[in-house]
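In: structure, please.
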Amino acid sequence: MSRDLRPGARRARRLLLVGLAVTALATAAATAGDDPAQHDGPINPCAPDAPADATALEGEPASSTATTVEVTAVDHEFEGVDDTYPEGDYGFQMTNRGREAHEMAVIRVKDGETRSVEELLELPDEEAEEITEYIGGTVACPGETAEALGVQMTAGRYVMLCFIPTGLTPEVPSSEDAFEELGPPHFTQGMVSEIRVTES
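Out: Now for the predicted structure:
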């Protein structure tokens, strides 16, 4: 997907700017440091002064018996992700080989929903939330490997995507002015994968 999904892009970028995205970007401002005002606003999880938990896993860690899926994040694509998997217990572990910060958010599309991923990304927030379930997510900085996200995958549709705005390198300061200069979310640049899980 190379075109700019404008409504979805604006929505995701706005969420990032106010520190409300469904990633570690969302929780870092609330948990970092002794002075909350110091971190009021967007957080660059890869900046040298980022809170220690800025890239913390959201969701369940992978179990010791999970089937590991090695995901490689590049600018701007997920590599190593198959189109289909059988039902089972999986651990998705992302390594960032790009220059920018990357997120791996995993969402399940509720049964019976037949619209394409592109159509789902265009929906208003409230409608999108009614037909999807956020499983979890993780953020990895350039050259780093994130903790594996555990996903108990049942038959159905899943979507892996990155909400981080284009251009978010470790050098970008954690400020609204700096984030305003960033581009649209990575999913609008093609960093989105649909996964279909089949009954085992």
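
In: so what's E87 up against?
Out: Listed by CB atoms under 8 Å, 6 or more residues apart in numbering, the contact partners of E87 are M153, T154, A155, V197, T198, E199, S200. For every residue, glycine as well, the C-beta is placed using N, CA and C.

In: quick check: closest non-adjacent residue to Y85.
Out: The spatially closest residue to Y85, leaving aside those adjacent along the chain, is V197, at 5.4 Å (CB to CB, 6 or more residues apart in numbering).

In: now the one you found: which helix or strand?
Out: V197 is part of strand 192-198, with elements assigned from DSSP states H and E.

In: against which helices or strands is that strand packed?
Out: Judged by 3 or more CB pairs under 8 Å, 6 or more residues apart in numbering; DSSP states H and E, strand 192-198 is in contact with strand 84-86, helix 117-121, strand 156-161.

In: mind listing residues that contact that strand?
Out: Counting contacts by CB under 8 Å, 6+ apart, the residues outside strand 192-198 that touch it are 1, 78, 81-87, 117, 121, 153-162.

In: ramachandran coordinates for T188?
Out: Summarising the backbone geometry of T188 under the convention degrees, to the nearest 10, its torsions are phi -80, psi -10.

In: and the residue lying closest to M104 once chain neighbours are set aside, how close does it get to C162?
Out: For M104, ignoring the flanking residues on the chain, the nearest one in space by CB to CB, 6+ apart is M94 at 4.4 Å. As defined by CB to CB, to the nearest Å, M94 lies at a distance of 10 Å from C162.

In: show me what contacts the closest residue to R157 other than its chain neighbours?
Out: Residue nearest to R157 in three dimensions, not counting chain neighbours: V109, with 4.1 Å by CB to CB, 6+ apart. Neighbour list for V109: L120, I131, T132, G156, R157, Y158, V159 [criterion: CB under 8 Å, 6+ apart].
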